[in-house]
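K.L.:
Sequence and predicted structure, then a few things I'm wondering about:
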Amino acid sequence: MREGDRWAVTEVSNQSTGYCPDTGSWSEVARALDEGLERPSGFTHEVVFRRCPGCQEHNIVREDDFVCVFCGSDLPETWNVDPTA
């Protein structure tokens, strides 16, 4: 959106069903946006992703319910989507 004589970003989310970035990735987003854009102070909509250790499916954690929607296994508290991690 345009604010005065500058462009501004008003909403930013980490929702990506391919990469599934952790909520802690905001600093990298902010660094990119600081190259000339006004921006919010953080993600305006944070999505918590976890990979199920049982069935390996990607999950979106809702309402702090760390249970796999596909197989019912417990999901880890820390981000684990990166297959090399």
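P.N.:
Cool, got the structure.

K.L.:
tell me, what residue is most central in this structure?
P.N.:
The chain has Asn14 as the residue nearest its centroid, 3.2 Å off, counting by CA atoms, centre = their mean.

K.L.:
For it, which non-adjacent residue is spatially closest?
P.N.:
Distance criterion CB to CB, 6 or more residues apart in numbering; nearest residue to Asn14, sequence neighbours excluded, is Pro21 at 4.7 Å. (C-beta placed from N, C-alpha, C; glycine too.)

K.L.:
And the one you found, how close does it get to Val48?
P.N.:
11 Å (CB to CB, to the nearest Å).

K.L.:
if you count what's nearby, which of those two comes out ahead?
P.N.:
Comparing Pro21 with Val48 by other CB atoms under 10 Å, the one with more neighbours is Pro21, at 20 against 17.

K.L.:
Let me know the helix or strand that the more buried one is in.
P.N.:
Secondary structure from DSSP states H and E places Pro21 outside every helix and strand.

K.L.:
Next one: it, what pLDDT does it get?
P.N.:
Looking at Pro21, its pLDDT is 92.

K.L.:
for Pro83, same thing?
P.N.:
69.

K.L.:
Please renumber the chain so that the first residue is 45 from this point on.
P.N.:
Understood, numbering begins at 45; the last thing we discussed is Pro127.

K.L.:
Three-state assignment for Phe114, please.
P.N.:
Classification of Phe114 by DSSP: H, G, I helix; E, B strand; the rest coil places it in coil.

K.L.:
wait, what's in contact with the closest residue to it other than its chain neighbours?
P.N.:
Computed as CB to CB, 6+ apart, the closest residue to Phe114 that is not its neighbour in sequence is Glu101, at 4.5 Å. Going by CB atoms under 8 Å, 6 or more residues apart in numbering, Glu101 touches Arg95, Cys112, Phe114, Cys115.

K.L.:
From Cys64, how far off is Glu101?
P.N.:
11 Å.

K.L.:
which residues are in contact with both of those two?
P.N.:
Arg95.

K.L.:
coming back round to it: any chance of the contacts of Glu101 in a markdown table, plus distance to Leu77?
P.N.:
Converted to a markdown table, the contacts of Glu101 look like this (distance: CB to CB, whole Å):
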| residue | distance to Leu77 |
| --- | --- |
| Arg95 | 28 |
| Cys112 | 33 |
| Phe114 | 34 |
| Cys115 | 38 |
